[in-house]
Structures are given as structure tokens and as C-alpha cells.
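Student: Provide a 3D model corresponding to the input given below.
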Amino acid sequence: MIRKLAFIPLLSIMIGAHADENTFIKPVQFSFGSTLEEVRGEIDKECLSIEIQNITPITAPLAKTSQTQINCSGFMYGGQARNVELVFQDDQLDIVWILFPKEEKQTFISSFKTLYGEPTMEIDYGAIFLQANAAIRNEPSEVLFASNRQVKVMMSILKQQLAKPESSQLLP
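Tutor: The predicted model follows:
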């Protein structure tokens, strides 16, 4: 009986390691435009720990009065527990970062290609999937999901930076 119980957690780890591509879509709990309290209510039981951080000075391009971030550890994404950073600009969710070890980058790229098609562009920053308002960032290795209004700002910044050949850093 003890051997059977020890096998069950091992089996669940093996199943999680072979997650299908649908585990790479934007989690429904992260609804863009939602307030911090609304999102927190959605993820309270899905994170091992939650930290709320007020960012000062404000660095996000759309924030006028406040920039707040929820740091969630242990959120299941891509078949594994991940750290997630949710950025709120003026109490509106606009940016979702899901961190992963760089060794998993090819798995993420392949899964995103299966879900969304080829990246719209690949630059120093990473692979950008405009059709999904998403990107896979190279450094640090993380997935980005962004609201429509955030994508407009990011694309404007990207166009300005691409127009300057001396610029080596793309997007914030």
C-alpha cells in the first residue's frame, strides 16, 4: 500500500511534464481590465503565496496614478508551478509575466507556434505573437501576455527603437 501511495505523486509529476499545448494559453483568471481585488479573488487559492507590491516611482507607460503588482508563486502553467507577476496600471490589469527556466524556452516556443502560428516577429527581445498579444522573452525567460492597450504602447515603443539603429535594448 505504501508503494502505491508513493507512486501516485510520481505519476502526477510525469503527467504534468507532458502537458498539452492548451496549458500554454493565457489563464482565464487573468482578465485584462480587471481590478487588483477582482484578480486576487480569482487566484487566492491557486497561488502558494501572494505578495502585493506598490511600484514607485511608476515605470509602466500607461499608469498615471498607480502601478501595483501581484507576485504569485506556485501558479500552475505549462504543467508546472510557476512564479507569476501581474502588473496593474491605475488598478487595471494590463501585463502578465509568467517566469520559466530558460531550458524550457523551446517547449514554450513550440507550444505557442502550435496554438497561435508563427511569431509575428523575432527580435533580440524574443518571439512576439501579436495575434495573441503575447511574447516569449529571452532574458529573463518569461511569457508575456498584454492587454490591447498595453500592446499599442509596446508596439509604438518598438517602432521608435527600431528606427534608431544604435538602440540595442528593445521594449521595457
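Student: and E42, what helix or strand is that in?
Tutor: Taking DSSP states H and E as the definition, E42 sits inside helix 36-43.
Student: Over to E51?
Tutor: E51 belongs to strand 49-54, assigned by DSSP H and E.
Student: Mind listing the strands that strand pairs with, and their directions?
Tutor: strand 67-77 (antiparallel) (DSSP bridges).
Student: Going along the chain, name the strands of this protein.
Tutor: Ranges of strands in the chain, per DSSP state E, are 49-54, 67-77, 80-89, 93-99, 121-123, 126-129, 134-137, 142-146.
Student: Could I get these in TSV, plus columns for mean pLDDT and distance to F112?
Tutor: (Glycine included, C-beta is placed from N, CA and C.) Converted to TSV, the strands of the chain look like this (pLDDT from 0 to 100; distance: least, CB to CB, whole Å):
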stretch	mean pLDDT	distance to F112
strand 49-54	97	27
strand 67-77	97	13
strand 80-89	97	15
strand 93-99	98	12
strand 121-123	91	12
strand 126-129	95	6
strand 134-137	96	6
strand 142-146	97	8
